[in-house]
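Asker: got a sequence here, can you model it:
(2 chains)
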Amino acid sequence: MSGADRVLEHATCLGCGCACDDIAIVVRRNRIVEARRACALGVAWFGDGVVPQETRSAGRDRSLAAALADAAKLLADGRRPLVYLTADLTCETQREAVAIADRLRALLDSPASETAASSILAAQRRGRAGATLGEIRQRADLLVFWAVDPAERYPRYSSRYAVEPAGLQAPNGRRSRTVIAVDIGTARGPADVDARVSIAPEQEVDALGVMRATVLGHAVAEREPMRQAGDLARQMMQARYVALVHDAEPSRPPSDPARAEALIALAQALNGPTRGALSTLRAGGNRSGAEAVMTWQTGFPFAVDFARGYPRYRPHAGAAACLARGEIDAALVLGSPASVPGRVATALGGVACVAIGPRASEAGFKPAVAVDTGVPGIHETGMALRMDDVPLPLRGSLEGPPAAIDVVRALAQRLPRP
Amino acid sequence: MTRSSRLRITGGAVYDPANGIDGEVRDVCMEEGRIVEQLPTDAPRLDAAGMIVMPGGVDIHSHIAGSSVNHGRRLLPEEHTADPAPAPALADAASPARSGTGGTIPSTFTTGYRYAGLGYTTAMEAAVAPLAARHAHAELDDTPIIDAGCFVLMGNDDYLFRQIAAGEAARARDYAAWLLGAAGGYAIKIVNPGGVERWKSGGRNVTGLDDPVGSSAVTPRKILETLTDAAHALRLPHPVHIHCNNLGQAGNASTTLETMRALAGRRAHFTHLQFHSYGGERGKSWKSAAREVIEYVNGHPEVSVDVGQVMFGPATTLTADAPVEYLLYASTGRKWLNVDIELETGCGIVPYAYKEKAAVAALQWAIGLELFLLASDPWRVVLSTDHPNGGSFLSYPQLIRLLMDRAARDEQLKRVNARALAGSALADGLAREYTLTEIAIVTRAGPARLLGLKTKGHLGVGADADVTIYATAADRAAMFAAPHYVIKGGTVVVEEGQLRRAPAGRRLHVRPEHAASVTRDLKRYFDSYACVSFENYPVGPLQDAAVGAA
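Answerer: Below is the predicted model of the structure:
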């Protein structure tokens, strides 16, 4: 029996925001030997499932109870603590973490401050016209990839949700659709498309404005390159359902921060003459879950400050800014430390930290207390959100270190009552 | 006194209409979370002398939890910033109090605390897309005190439409049963049947009950009939809960009446009826058709409604009726969120405000009051604002005052823009004033009965010990805004007007039986069309046992 492979079906991958939940994990002697249907990113994310199982405090191995006592003291002693939710946490763990931040009157933040903030803020100012990924598959007959080739960071987006699969109103899959790449400078759309439009980065936002004006029926004087943009807008108006796809995660070179709002405005406007949705690509590790949990428990999706005893929204004064100002004197970092953005990770090196999550003991910022936990979706069950906010269950297929939810709850019990 | 499992409430004037008690001063005894006949004389007492004792409030239709509600929360940071909610000072250290924020869509802990603070102990989340049911349950887990259930959206469901098109009534019924279990839901919800599918597929919306949706075999009428029959055949505790076509359109009362007639003789609940009671002509004129609509309701005992009263002030329109929200966006230029939800439904959100000076808002306000005041059977006309669409649930006390106090009503009537009020019964002068008993019916006894919640909404032996105790006051808004004591499941959660305990609430859900063959067919369907695995779709077992069928 110990030699027999186990196959766990319908596993959810958190390698990227696609959150494909059709992965079959093959387990042999408590190691993952295969992740069927996973893309290269997913295979790398699952790995063999073997993760460190250390519990350390002040550089030495410690029992969990002792390490948590040290952690609780470190956090309680802080005058201005930070609770940081990074990748690879279940929603259940995220909920416990927000409770801790509330109790500690901490600053609560996530990588969103450094990554998707402009998209999130633009959507708060304007709203957005969107659709779940499955609806794009069912309806879209025109796909416009705006400065992104999903193959790189969201490998199954095209095969699972957008370009290739048959849908209710796209019965021939790819052949039912027109696919257009908009290249903004060196940020290029997919290679295999029906047409390309090239726009210089410094003209991108103006071009989006011209497109929106066209869709709204305003007369717009167009000279190249704006005429191309206007033509694309007219083509979009003729489609039955337009999916406009962009990446909210940072790119090199960095994109125009005004892009997000201009894309939102265009997608909303398309719903006059036709139907349209903006599909926003997001990275994995249940980052969308952190934003949802923070929103439902506090009202705000990131950069939440509990210092006054209630949540305040500080989107321009998140973790990185406060760390840089030397404000933070204690930090609780939950999730995979490797996913902490560089700016934040570097600054955390100068702060007394507790790290709880997958590979916490390997954190570059050398936390004072580190508790390795299992990985959600590999060792730990729970809920996660796909990039379009569809909730999915996570299955655990391996034995491993303690579940983050249990460690975080045990930590919470040791914190002083308010 | 406060944490004992036994408690005798003494000296209060009890309003328990389900048991025919109409202001009688009598004791209410509870033990282990239930109302009991008697207690030993040395049992702890709560002196309610001079106060009014009612069952805990039951909100039959509210938007408080789930993916769509959370999109709304995220859209309104400025409202949250303006309404901070520090953690209440709870006496109970077992579950630490949580801070949050308010506005028209408060954060989850704040929602639970504020409902309890108003004396409500049960609330139904009115619109959950089954694909996102998991999220709704997670939010309800973070909504303390109140017992809650979910209405599951089915009126624009692709798999359901296939069964209707194929004439497979039994399969449609089995699917509804399966879907309720998969979503952990309590009731079948229909929103703009066929209209949201049209919005997603390029047809914009439906306008008539016989408009084809994809094929002529599927029409709003057929969707309504199929699901109404399913709710009945499954013996669900609450009948099908219907948000009619043409919400918000001038002249839509004819659609509403046609829908009611289509289902005549079968139990059905029509929600936020105010938004569906407009006379006049689409695109041209507005007037009230409340009289006509409520007369039909009065004459048809199988029909129940909740009013969906508009209250002046901020609101957030948040609904699965996505095409309506597009129109509101197009005409107001306000923030607008739309999410098309695969194979099932949609979501549209536009933050809004109802102003006394706006003729249409004033008409909407008047129509809601007409529906209340012309209703002959308070057991079938429930108080609601379709929170947050017509206004926040925090406005219920002011609404109660408007119903009980003609002078207050008339005073507000003088202030509003009367331009569209010609022909409205309210403008003609409606003298009726709701009694305390009638208020107890429309806020507790009636909704509990309509929901089939046998242990809610009354204080008879065996009922849940959910009790609200108000200090009597002539200003009924002040009275209902700040109950002196609120007891939930036998725990005193509000004491002397302060929230002191926040135990978890229970999930109300049903799990009707269905033929196994439907799951085999669904698995094939999911393999062909869905973007989630069939095995990952159901929310799985919930902590609380399912409610038995009525």
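Asker: going by proximity to chain B, name the top residue of the stretch 1-150 of chain A.
Answerer: A:Gly134 (3.0 Å; C-beta to the nearest C-beta). Placement of C-beta: from N, CA and C, glycine included.
Asker: could you check the pLDDT of that residue?
Answerer: We have a pLDDT of 98 for A:Gly134.
Asker: in three-state terms, label it for me.
Answerer: helix (DSSP: H, G, I helix; E, B strand; the rest coil).
Asker: do I have it right that it meets A:Pro165?
Answerer: No - checked against C-beta atoms under 8 Å, the pair A:Gly134 and A:Pro165 is beyond contact range at 9.5 Å.
Asker: neighbour count: these two, which is higher?
Answerer: A:Gly134 (26 against 18; other C-beta atoms under 10 Å in any protein chain shown).
Asker: which bits of the stretch 301-418 of chain A sit near chain B?
Answerer: Contact residues (C-beta under 8 Å from any C-beta of the partner chain) of the stretch 301-418 of chain A with chain B: A:301, A:306, A:308-313, A:383, A:385, A:389-393, A:417-418.
Asker: quick check: PyMOL command selecting the buried ones in those residues.
Answerer: Remark: buried members of those, expressed as a PyMOL selection using 16 or more other C-beta atoms under 10 Å in any protein chain shown:
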select buried, chain A and resi 301+306+310+311+312+313+383+385+389+390+391+392+393
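Asker: give me the number of residues near B:Ala543?
Answerer: Small correction: residue B:543 is Gln, not Ala. 9.
Asker: again but with B:Ala431, I slipped
Answerer: 8.
Asker: contacts made by stretch B:519-530 with the rest, please.
Answerer: A:134, A:138, A:167-168, B:158-159, B:162, B:171, B:175, B:178, B:342-343, B:532-534, B:537 (C-beta atoms under 8 Å, 6 or more residues apart in numbering or on different chains).
Asker: contact partners for the residue in the stretch 201-350 of chain B that chain A sits nearest to?
Answerer: As assessed by C-beta to the nearest C-beta, chain A sits closest to B:Glu342 within the stretch 201-350 of chain B, at 3.0 Å. Applying C-beta under 8 Å, 6+ apart, we find B:Glu342 in contact with A:131-135, A:137-138, A:390, B:131, B:530-531.
Asker: do the same with B:Lys189
Answerer: B:126-128, B:151-155, B:240-241, B:243.
Asker: show me the contacts for A:Glu222.
Answerer: A:210, A:229-230.
Asker: farthest-separated two in the contacts of B:Glu342?
Answerer: In terms of C-beta to C-beta, these reach their longest pairwise distance at A:Ala131 and B:Ala530, which sit 14.8 Å apart.
Asker: settle it for me: which of the two has more neighbours?
Answerer: More neighbours surround A:Ala131 than the other of A:Ala131 and B:Ala530, with 28 against 21 (other C-beta under 10 Å).
Asker: do you know the pLDDT at the nearest residue to B:Val532 once chain neighbours are set aside?
Answerer: In this structure, B:Val532 finds its nearest non-sequential neighbour in A:Asp21, 5.8 Å apart by C-beta to C-beta, 6 or more residues apart in numbering or on different chains. Confidence at A:Asp21, expressed as pLDDT, is 98.
Asker: what helix or strand is residue 323 on?
Answerer: Just so you know, I chose chain A. Assigned by DSSP states H and E, A:Leu323 belongs to helix A:319-324.
Asker: hmm, I had chain B in mind actually
Answerer: Assigned by DSSP H and E, B:Pro323 falls in helix B:322-332.
Asker: residues in contact with the closest residue to chain B within the stretch 151-300 of chain A?
Answerer: Nearest to chain B, among the residues of the stretch 151-300 of chain A, is A:Gly299, at 3.5 Å (C-beta to the nearest C-beta). Counting by C-beta under 8 Å, 6+ apart, A:Gly299 touches A:311, A:313, B:73, B:76-77, B:80, B:100-101, B:103, B:106-107.
Asker: ok, now how distant is it from B:Leu76?
Answerer: 8 Å (C-beta to C-beta, to the nearest Å).
Asker: which residues are common contacts for these two?
Answerer: Common neighbours of A:Gly299 and B:Leu76 (C-beta under 8 Å, 6+ apart) are B:Gly103.
Asker: low pLDDT regions in the stretch 401-550 of chain B?
Answerer: B:548-550 (pLDDT under 70).
Asker: may I have stretch B:229-246 exported as PDB, CA atoms only?
Answerer: The C-alpha coordinates for stretch B:229-246 follow below in PDB (Å, rounded to 0.1, in the frame of the first residue of the first chain):
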ATOM      1  CA  ASP B 229     -44.000  24.800  -9.100                       C
ATOM      2  CA  ALA B 230     -40.600  23.500  -8.000                       C
ATOM      3  CA  ALA B 231     -40.800  25.400  -4.700                       C
ATOM      4  CA  HIS B 232     -44.200  24.000  -4.100                       C
ATOM      5  CA  ALA B 233     -43.400  20.500  -5.100                       C
ATOM      6  CA  LEU B 234     -40.300  20.500  -2.900                       C
ATOM      7  CA  ARG B 235     -42.400  21.800   0.000                       C
ATOM      8  CA  LEU B 236     -39.900  24.500   0.700                       C
ATOM      9  CA  PRO B 237     -40.600  26.500   3.900                       C
ATOM     10  CA  HIS B 238     -40.700  29.700   1.900                       C
ATOM     11  CA  PRO B 239     -42.300  30.000  -1.600                       C
ATOM     12  CA  VAL B 240     -40.500  31.300  -4.600                       C
ATOM     13  CA  HIS B 241     -39.200  34.900  -3.900                       C
ATOM     14  CA  ILE B 242     -39.700  37.000  -7.000                       C
ATOM     15  CA  HIS B 243     -38.200  40.300  -8.200                       C
ATOM     16  CA  CYS B 244     -40.400  41.000 -11.200                       C
ATOM     17  CA  ASN B 245     -39.400  42.000 -14.700                       C
ATOM     18  CA  ASN B 246     -39.300  45.700 -15.500                       C
END
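Asker: any idea how many residues pack against B:Ala217?
Answerer: 14.
Asker: I figured it was touching B:Gln163, is that so?
Answerer: No - using C-beta under 8 Å, B:Ala217 is not in contact with B:Gln163, being 10.4 Å away.
Asker: and residue 45, what does it touch?
Answerer: Answering for chain A, as no chain was given. A:13-15, A:38, A:284.
Asker: other chain: chain B
Answerer: B:1, B:7-10.
Asker: cool, and A:Gly342?
Answerer: Taking C-beta under 8 Å, 6+ apart as the definition, A:Gly342 has no contacts.
Asker: repeat that for B:Glu79.
Answerer: B:Glu79 sits in contact with B:101-105, B:314, B:351, where contact means C-beta under 8 Å, 6+ apart.
Asker: what ranges does the stretch 201-350 of chain A have for its helices?
Answerer: A:204-215, A:226-238, A:259-270, A:287-298, A:319-324, A:342-348 (DSSP state H, counting those that start in this stretch).
Asker: oh, that last question was meant for the stretch 451-550 of chain B, not what I typed.
Answerer: Going by DSSP H, counting those that start in this stretch, the stretch 451-550 of chain B shows helices at B:476-481, B:517-529.
Asker: same list (those helices) but as a markdown table, adding mean neighbour count.
Answerer: Shown next, in a markdown table, are those (neighbours: other C-beta atoms under 10 Å in any protein chain shown):
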| stretch | mean neighbour count |
| --- | --- |
| helix B:476-481 | 21 |
| helix B:517-529 | 15 |
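Asker: Throw those into CSV and include distance to B:Val310, thanks.
Answerer: Formatted as CSV, these follow (distance: least, C-beta to C-beta, whole Å):
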stretch, distance to B:Val310
helix B:476-481, 17
helix B:517-529, 39
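Asker: done for today, thanks.
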